[in-house]
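Colleague: how would this look folded up:
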Amino acid sequence: MHSLLAVQLFQPGPVAGEFRLRDASINETRAGRQYLRIFLEDARGSVPAYIWKEDIYRGFYLPNLSLVRIEGQGRYHDNIPRVDLHAIEATGFKRAGDVVRLIPQSICPLPQLLPELQTAISRITLPALRQFVEAVLADDSIAFSFVSAPASLNHHHNYPGGLLKHSLECYQMVERQHGFRRESYELGLISSLFHDIGKVLTLTHNMIRTSLGGSADHDKLTLELLRPYLAQLEQSWPAGAQELRYLLTWKVKRPVPRYNMADVVACSDRLSAGLDMEKKRA
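Modeller: Residues are numbered from 1 along each chain as shown. So this is what the prediction gives:
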């Protein structure tokens, strides 16, 4: 079965799988035949899709960006890729390894960063930690804001998508540090990626501070937001969950850290922020 990417690359053929649905509308051909047009979308982009059978589209309604499972046939009309759908149904299912692909490109202000995020997640080899990070990003209420919010309003990375940019910069800085045991190394990667994730509750993609953001520290909100996923991690890897909580909250001004990786994560945060501020002064 082909993917949307294959259709976009001019490879018509069967298409099946899970995608996001966007902009459903009833239309009519010149001959008066009605059909439903939607857009199927993932992190790579979108293609228009058509449902011609009334018994499939009659009464069909799902909110924008709903997750759907489809079957259809990719084709081209006037050199434009499209898909004729034979089946479509709502689903909540996300395959392991697919959670970033199912973040719709249209909600990410810097869509070129989504493949970087996918690569970052793919480099986590510890099963319990990989399950943790995928569970976090499988939550649309977290993932959509994580890829669209700024890192700040008036300081570093203060633009829509800045939080993802800053988080990936921190990840890449930690990634260069190969002197740590594998467990600490990968925990450092994920803590650098998620160290500011509490900001999804304090800042919006349209550069507005939330009411919660005016009264709560985003560092504390990070642990609150991740609590159910950390609890799951604790069931499969108690020591890892303990160390990850520590790495997410330790700051440079505190005493010597219990875990050396905490210093690396905190310094990557400061360095990424500092470099961004230097760019603004240039």
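
Colleague: got the buried residues for stretch 77-93?
Modeller: The neighbour-count check on stretch 77-93 (16 or more other Cβ atoms under 10 Å) flags 81-83, 85-86, 88 as buried. Placement of C-beta: from N, CA and C, glycine included.

Colleague: residues in contact with that stretch?
Modeller: Stretch 77-93 has contacts (Cβ atoms under 8 Å, 6 or more residues apart in numbering) with 4, 7-8, 10, 12, 15, 18, 21, 40, 47-52, 56, 60, 62, 66-76.

Colleague: tell me which stretches of the chain form strands.
Modeller: Ranges of strands in the chain, per DSSP state E, are 14-28, 34-42, 45-51, 67-77, 80-90.

Colleague: for those, which one sits closest to residue 118?
Modeller: For residue 118, the closest of the strands of the chain is strand 34-42, at 10.8 Å, according to Cβ to Cβ.

Colleague: re the thing from before, for the buried residues of stretch 77-93, give me CSV that also has pLDDT.
Modeller: Shown next, in CSV, are the buried residues of stretch 77-93 (pLDDT from 0 to 100):
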residue, pLDDT
81, 86
82, 90
83, 93
85, 94
86, 93
88, 94
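
Colleague: just give me the closest of the residues you listed to residue 264.
Modeller: Nearest to residue 264 among these: residue 81, at 44.3 Å, using Cβ to Cβ.

Colleague: measure the closest one to residue 74 for me?
Modeller: In this view, residue 81 and residue 74 are 7 Å apart by Cβ to Cβ, to the nearest Å.

Colleague: swap in residue 217?
Modeller: Taking Cβ to Cβ as the measure, residue 217 falls 49 Å from residue 74.

Colleague: test my guess that residue 165 contacts residue 157.
Modeller: Yes: assessed by Cβ atoms under 8 Å, residue 165 is found in contact with residue 157 at 5.5 Å.

Colleague: overlap in contacts, those two.
Modeller: Joint contacts of residue 165 and residue 157 (Cβ under 8 Å, 6+ apart) are residue 151.

Colleague: related to what we said a few turns ago, now distance to residue 282 too, for the strands of the chain, in TSV please.
Modeller: TSV is the format used below for the strands of the chain (distance: least, Cβ to Cβ, whole Å):
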stretch	distance to residue 282
strand 14-28	38
strand 34-42	36
strand 45-51	33
strand 67-77	42
strand 80-90	41
